[in-house]
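Novice: Sequence first, then the predicted structure:
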Amino acid sequence: TVEILGKNMESNVQFTKLNIGTAVQDVKLDPFLTVEETLNFQAGYYGIPKNKRKIDELLQNLGMLEHKHKRSRMLSGGMQRRLVIAKALIHNPDIIILDEPTAGVDIELRTQLWSFIKSLKAQGKTVIITTHYLEEAQELCDEIAFIKNGGILLSDKKSNILSLLDKK
């Protein structure tokens, strides 16, 4: 069984949806919607009333506010990735799953995303990241798991894993 914040995921589907935000690696956005329209649509999916949507605040935190009226197809790859992350955060979930959040982005964007992820953690959010970058895992994670062919090879606190790597 899988529990989300102490509740069985299968018998509490709505609770699970409201408390998890996911940003997958593959960017799939409606090319004809603006950034703001995309986030309004996503917020509507979660039933967030229009007067409670914090779209500008979210875009500001992701460094995208000046792009809010651009169609998603006009955004750079890095900005599209940020928009996917914004969609995952629009309902202010407690658990955030980011699949390769910095894959294929430039150093500046990577640094900004790292800073934003750290701020989410500081707010008490649980952030789960999949990454191939060991430096990223070391910088952002408290616990690390190595997975191969769907199985966990090693899972432990970052400090324990780093001490193992130092010994080899």
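Specialist: Now that the structure is in, tell me what you want to look at.

Novice: How far off centre is stretch 75-86?
Specialist: Relative to its chain's centre, stretch 75-86 lies at 11 Å (CA atoms, centre = their mean, to the nearest Å).

Novice: That should have said stretch 101-121, apologies.
Specialist: 10 Å.

Novice: Output that stretch in PDB, but only the C-alpha positions, please.
Specialist: The C-alpha trace of stretch 101-121 is given here as PDB (Å, rounded to 0.1, in the frame of the first residue of the first chain):
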ATOM      1  CA  PRO A 101      13.900  19.300 -13.500                       C
ATOM      2  CA  THR A 102      17.100  20.600 -14.800                       C
ATOM      3  CA  ALA A 103      17.800  18.300 -17.700                       C
ATOM      4  CA  GLY A 104      18.800  20.200 -20.800                       C
ATOM      5  CA  VAL A 105      18.800  23.700 -19.200                       C
ATOM      6  CA  ASP A 106      21.600  26.200 -19.000                       C
ATOM      7  CA  ILE A 107      23.600  26.900 -15.900                       C
ATOM      8  CA  GLU A 108      21.800  30.000 -14.900                       C
ATOM      9  CA  LEU A 109      18.400  28.300 -15.100                       C
ATOM     10  CA  ARG A 110      19.700  25.300 -13.200                       C
ATOM     11  CA  THR A 111      21.000  27.600 -10.400                       C
ATOM     12  CA  GLN A 112      17.600  29.400 -10.200                       C
ATOM     13  CA  LEU A 113      15.700  26.100 -10.100                       C
ATOM     14  CA  TRP A 114      18.000  24.800  -7.400                       C
ATOM     15  CA  SER A 115      17.300  28.000  -5.300                       C
ATOM     16  CA  PHE A 116      13.600  27.600  -5.900                       C
ATOM     17  CA  ILE A 117      13.600  23.900  -4.900                       C
ATOM     18  CA  LYS A 118      15.500  24.900  -1.700                       C
ATOM     19  CA  SER A 119      12.800  27.500  -0.900                       C
ATOM     20  CA  LEU A 120      10.100  24.800  -1.300                       C
ATOM     21  CA  LYS A 121      11.900  22.600   1.100                       C
END
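
Novice: in that stretch, what's buried?
Specialist: 101-102, 105, 109-110, 112-114, 116-117, 120 (16 or more other CB atoms under 10 Å). For the C-beta atoms, the positions are set from N, CA and C on the backbone; glycine is no exception.
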